[in-house]
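> Below is the sequence, then the predicted model.
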Amino acid sequence: MSYQQQILALEQEWQTAPRWKHITRNFTAADVVRLRGSAPIQYTLADMGARRLWHLLETEPFVRSLGAMTGNQAVEMVAAGLQAIYVSGWQVAGDANDSLQMYPDQSLYSVSSVPTLLKRINNALQRADQIHHMDAMNAQMDVLNARRSVQANGNAAASGNAAASVPYWFAPLVADAEAGFGGTLNVFELVKAMIEAGTAAVHLEDQVSALKKCGHMGGKVLVGVHEFIPKLNAARLAADVMGVPTLVIARTDADGANLMHTINDPLDEAFITGERTIEGYYGVRGGIELAIAKGRAYAPYADLVWCETNKPDLGEAREFAQGIHEKFPGKWLAYNCSPSFNWKKHLDEKTMLTFQEKLGALGYKFQFVTLAGFHTLNASMFDLAHNYNLEGMLAYSRLQEKEFEMEYEHGYKAVKHQSFVGAGYFDQVQTALTGEAVSTKALAGSTEEAQFHAKMPEHVIN
C-alpha cells in the first residue's frame, strides 16, 4: 500500500474496530505510519497475547493472574489453569533483574530487566508448548500404528483419543513498566522493548519516575495529570508503531499518596493543601476522591484503569468503580490483590472465597496477586531448608511424595524434571538427525524413566 493508503486504512481501523472503541489518541495515523519504517516486522507473541487477553476480558467475568518470577513458575501457572501471567516490577527489583542485585521496588534496576524476564517467560512457555505438541504427535502416531496393526490382523480398529488435552501455553503476559524510567521518550522505548519481548499488556503508574516507589510504601510523589497522560500516549504510540494491539493499563497511586510534583491542572489544584515540603513538593489530599478524579482523566487513554489501594475493601472498590463508570460506563478496571495486605486481618474465609467474583461484578476484569512468585519461592524453600536441616533426606522425601501426589491427582509434571525441561524434546532432535537407532538418548536408561511413575496417594489407597 502507498503511504496515503496506509494512513487511511489505520484511520478506518481506529474508527470502526471494536478493539478501539472509546480509546483516545493524541497523535494521528499519519504520525504512526511515518514512524513505522519501510520494513514491517511481525511481533507474533505480543500480537497473539494482546488479542487473546482482549478477548478474555471481553468474554470472561474476570481474569485471574499471579505474578511469575521465572519461566518455570509461569509454566506451572498455565498448567494449573490460569489464563494470564503477571510480570511484576517489584519481583524484578527483588530478584529477577539484569543488575544482578536485590533491590526494593524503587526503579533502581536496569531498564532492560522486565523485557529480559518477559523473554525468559515466553521462552519457557514456548518450550512447554513444543514438548506437549511433540508428545501429542507421538501419541497420534502410536494410535495410528496400533490401528494399522489390528486391521492387518483382521481385528476391529483400535480406538482412543491420542491427543491429550493440553493448556493453551502462550498465556498473555501483563507487564509492569513502572513510572516509565523517565519521560515520554523513555516510555516509548521501554514499551517497544517489552512488545519485542512478547508482552500483551503494559501498565504505568502516575508517580515521579526518579522517586518511584511501591504503591504500598510511603513517600510517594504523584505527577500532575498533564505529565502522566503523555506517558499513556507514548505507550500507545509505541504499540501502534509496532503494529500490535497492546493493552495499556493506567494506574493511579493517589489513594495512598499525599505529595505531588507539580500543580498544572485544575483537577490537581482542587486537592492541594497549601503546604510545601522541604524539597518543594506540594501537599495534596490523597484518598479515593483524588484517585477517582485521576482515574477519570486517564480513562480515555487506557484500556483498563487501576487504583492501588491500602487494603482489600469491597466498599472502597465499589466507590472507585462507580466513580469511573459514572463518566465512562463499562470501563474495564484492574485490581491488585496484594500480598502487602494482611488478608485474614481484613476478611474472613467465607468472604475471601467470593471476594474476586464480587470485584468482577463491579467491573474489575483483571485481578492479580503481584508477588505470588516471590512469596511462594521464599516460603517453600525456607520450609524445605528448615526441615532438611533437622531431618535430612526424610524432609526431602516428603516434598517428593507431595509431588507424586500432585502428579497423580492433578497432572503436575515437574516431578519428572528431566523431561519437564525438554530432555525428551532434544532426544527427538537427535533422532531426527541420526535416526531411530541413535544410542545416546538422554531419557532412555535414565533413573527418571526407571523410578518416577505416578503413584496412587496413600489416602486414596486407604
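Sure thing, it's come through.
> Kindly export stretch 280-296 (C-alpha atoms) in PDB.
Presented in PDB, the C-alpha positions along stretch 280-296 are these (Å, rounded to 0.1, in the frame of the first residue of the first chain):
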ATOM      1  CA  GLY A 280       9.400  21.800  47.100                       C
ATOM      2  CA  TYR A 281       6.700  19.100  46.600                       C
ATOM      3  CA  TYR A 282       3.000  20.100  47.000                       C
ATOM      4  CA  GLY A 283       0.900  18.600  49.700                       C
ATOM      5  CA  VAL A 284      -2.300  17.100  48.400                       C
ATOM      6  CA  ARG A 285      -5.400  15.400  50.000                       C
ATOM      7  CA  GLY A 286      -4.800  11.800  48.800                       C
ATOM      8  CA  GLY A 287      -7.600   9.300  49.000                       C
ATOM      9  CA  ILE A 288     -10.300   7.700  46.900                       C
ATOM     10  CA  GLU A 289     -11.700  11.100  45.700                       C
ATOM     11  CA  LEU A 290      -8.400  12.100  44.200                       C
ATOM     12  CA  ALA A 291      -8.000   8.500  42.800                       C
ATOM     13  CA  ILE A 292     -11.400   8.800  41.100                       C
ATOM     14  CA  ALA A 293     -10.500  12.200  39.600                       C
ATOM     15  CA  LYS A 294      -7.200  10.900  38.300                       C
ATOM     16  CA  GLY A 295      -8.700   7.700  37.000                       C
ATOM     17  CA  ARG A 296     -11.300   9.700  35.100                       C
END
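> That one: which residues count as buried?
281-282, 284, 286-296 (16 or more other Cβ atoms under 10 Å). To be clear about C-beta, it is placed using only N, CA and C from the backbone, and glycine gets the same treatment.
> same thing with stretch 375-383?
So for stretch 375-383, counting by 16+ other Cβ under 10 Å, buried means 376, 377.
> Just the CA trace of it, in PDB.
C-alpha atoms of stretch 375-383 as PDB (Å, rounded to 0.1, in the frame of the first residue of the first chain):
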ATOM      1  CA  HIS A 375       6.400 -15.400  48.400                       C
ATOM      2  CA  THR A 376       5.900 -19.000  47.000                       C
ATOM      3  CA  LEU A 377       9.600 -19.300  46.200                       C
ATOM      4  CA  ASN A 378      10.800 -18.000  49.500                       C
ATOM      5  CA  ALA A 379       8.300 -19.700  51.800                       C
ATOM      6  CA  SER A 380       8.600 -23.100  50.100                       C
ATOM      7  CA  MET A 381      12.400 -23.000  50.100                       C
ATOM      8  CA  PHE A 382      12.700 -21.900  53.700                       C
ATOM      9  CA  ASP A 383      10.300 -24.700  54.700                       C
END
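> pLDDT on that stretch, on average?
The average pLDDT within stretch 375-383 is 96.
> ditto for stretch 261-268
93.
> Identify each buried residue in the helix or strand hosting residue 321, please.
Using DSSP states H and E, residue 321 maps to helix 314-327. By neighbour count on 16+ other Cβ under 10 Å, the buried set for helix 314-327 is 316, 317, 319, 320, 321, 323, 324.
> If you count contacts, what does that helix end up packed against?
helix 288-298, strand 332-336, helix 349-361 (3 or more Cβ pairs under 8 Å, 6 or more residues apart in numbering; DSSP states H and E).
> got the contact list for the second one?
To tie it back to what came earlier, the one meant is strand 332-336. 57, 203, 215, 249, 251, 303-309, 317, 320-321, 324, 359, 362-368, 370 (Cβ atoms under 8 Å, 6 or more residues apart in numbering).
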